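In: Prediction below, plus the sequence it came from.
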Amino acid sequence: MPEPISTTGAILRAANVIVAASVTVFGVRLDIDPALLIAGLFGAIAGILLLNSVPGSDDTWREMIKLGRRRIFVAVCSALTAGYSTPLVLSFGNVSQSLLLGGAFVVGAGAQQVLAMAIRKLSKPDPAAPAAPAAASP
């Protein structure tokens, strides 16, 4: 073990701090950068507020509680999506690492729309649901 005052000791100590900055849930290390999670969460909140991706239906207190729960769930899922997929998306585009936090913000904001579109596309339509009316042709 190197001397704690030496340069090598300082570098090893700094490396341990950097490696330790990872998210752990129930004892499982998730290998997500916390900065990406925070940027994705802010992007998700911006997407919810500006794009109204989780619209409210009623103005009763029960509906407002349900709406708050849905918005929290969507924000957390968007942040996790941004945390995992931003490094992957940026590696395909050959962009610099300086755009990582901005990319996480954009992925967090857009994840709601992309995930909803993917779920609609992959899920089978409900046979009991009425079909959408066809557009009238002139």
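Out: Arrived safely.
In: longest helix in the protein, by residue count?
Out: Using DSSP state H, we find that the single longest helix of the chain is helix 61-92.
In: pLDDT on that helix, on average?
Out: For helix 61-92, the mean pLDDT works out to 87.
In: same deal with stretch 120-138?
Out: Here the average pLDDT along stretch 120-138 is 64.
In: try stretch 96-107
Out: Stretch 96-107 shows an average pLDDT of 86 in the prediction.
In: Just the strands from the chain, written as ranges.
Out: Ranges of strands in the chain, per DSSP state E, are 24-25, 28-29.
In: tell me what the last one is packed against?
Out: Contact analysis of strand 28-29 by 3 or more CB pairs under 8 Å, 6 or more residues apart in numbering; DSSP states H and E lists no helix or strand as a packing neighbour. C-betas here are computed from N, CA, C, even on glycine.
In: what lines up beside it in the sheet?
Out: Strands that pair with strand 28-29, judged by DSSP bridges, come out as strand 24-25 (antiparallel).
In: Identify the residues contacting stretch 102-113?
Out: Applying CB atoms under 8 Å, 6 or more residues apart in numbering, the set of residues contacting stretch 102-113 from outside is 35-36, 39-44, 46-48, 51, 53-54, 74, 77-79, 81-83, 85-86, 89-90, 95.
In: Please repeat the previous calculation with a cut-off of 6 Å.
Out: 36, 39-40, 43-44, 46-47, 53, 74, 78-79, 81-82, 85-86, 90 (CB atoms under 6 Å, 6 or more residues apart in numbering).
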